[in-house]
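Enquirer: sequence first, predicted coordinates after that:
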Amino acid sequence: MAHSKVSEQHMTNKVLECPRDGTLMMENVTGEAVLDLCGKCGGQFFDTGEMFGAFGMKADPSLWDRDETAGAVREGSFKCPRCNKQMVTQDIKHEADKVEIDRCGHCGGIWLDKGEVDQIVAIGVKMEPVLAAEKAKAKEDLDKMGEVDLNPGLIAKFLKMFSKKPEPA
């Protein structure tokens, strides 16, 4: 039910105001996403999935909550331009690179000030070898397992191990 309220708000709040300076934002097509851009301060608002759609894996928000990149999260200084809920501020870091972003825990929107997209992408590029090593390790582990027979009989036997047995009378 909460999801529909977010969708309703998203649909009714199409023209966004910049949370920094109140300027009406313009839509800007980038990659496969339509981003909201402030013409005055250069900040950008990304709805859920738009960072990935605009800039690919290097800007995937799932990279930000990892041990290597996650930083402090604290209450933000402004409200989300999409749903008007209080945003949180999060530090994203990797080695010497660090950027402070604003995220909405309600609708999933992300606000980046001018230049922060470049910093996010730079961190994503530096994370590529880490991700490649993890994928190689996972493939190696799967290859060691060999063929796994997941026929229905095997699954049924597995599930029976967790079913409650009747207590003796």
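Expert: It's in.

Enquirer: OK, contacts around R103?
Expert: 76, 87-90, 109-111 (Cβ atoms under 8 Å, 6 or more residues apart in numbering). Every residue, glycine included, has its C-beta placed from N, CA and C.

Enquirer: ok, the closest residue to G108 other than its chain neighbours - how many residues close by?
Expert: For G108, ignoring the flanking residues on the chain, the nearest one in space by Cβ to Cβ, 6 or more residues apart in numbering is T48 at 3.7 Å. Each residue near T48 was counted by other Cβ atoms under 10 Å, and the total is 16.

Enquirer: quick check: T48 vs C18, distance?
Expert: Taking Cβ to Cβ, to the nearest Å as the measure, T48 falls 19 Å from C18.

Enquirer: swap in F46?
Expert: F46 is 14 Å from C18, by Cβ to Cβ.

Enquirer: between these two, which one's more packed in?
Expert: F46 (26 against 22).

Enquirer: OK, contacts around that one?
Expert: 33, 35, 54, 109-112.

Enquirer: can we see that at 10 Å?
Expert: 30, 33, 35-36, 52-55, 59, 61, 82, 101, 103, 108-112, 117 (Cβ atoms under 10 Å, 6 or more residues apart in numbering).

Enquirer: ok, now I110?
Expert: 44-48, 50-51, 59, 61, 64, 80, 87, 90, 101-104, 116, 120.

Enquirer: can you tell me which of the residues you listed are in helices?
Expert: 50-51, 116, 120 (DSSP state H).

Enquirer: in strands only, show me the contacts of F46.
Expert: Residues of those located in strands (DSSP state E): 30, 33, 35-36, 101, 103, 110-112.

Enquirer: how about the helix or strand containing K98 as PDB, C-alpha atoms only?
Expert: Element membership of K98, judged by DSSP states H and E, is strand 97-103. Below are the C-alpha coordinates for strand 97-103, written out as PDB (Å, rounded to 0.1, in the frame of the first residue of the first chain):
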ATOM      1  CA  ASP A  97      37.800   9.700  -2.800                       C
ATOM      2  CA  LYS A  98      34.800  10.900  -0.800                       C
ATOM      3  CA  VAL A  99      31.500  12.500  -1.800                       C
ATOM      4  CA  GLU A 100      28.500  13.500   0.300                       C
ATOM      5  CA  ILE A 101      25.100  12.600  -1.300                       C
ATOM      6  CA  ASP A 102      21.500  13.100  -0.200                       C
ATOM      7  CA  ARG A 103      19.100  10.100  -0.300                       C
END
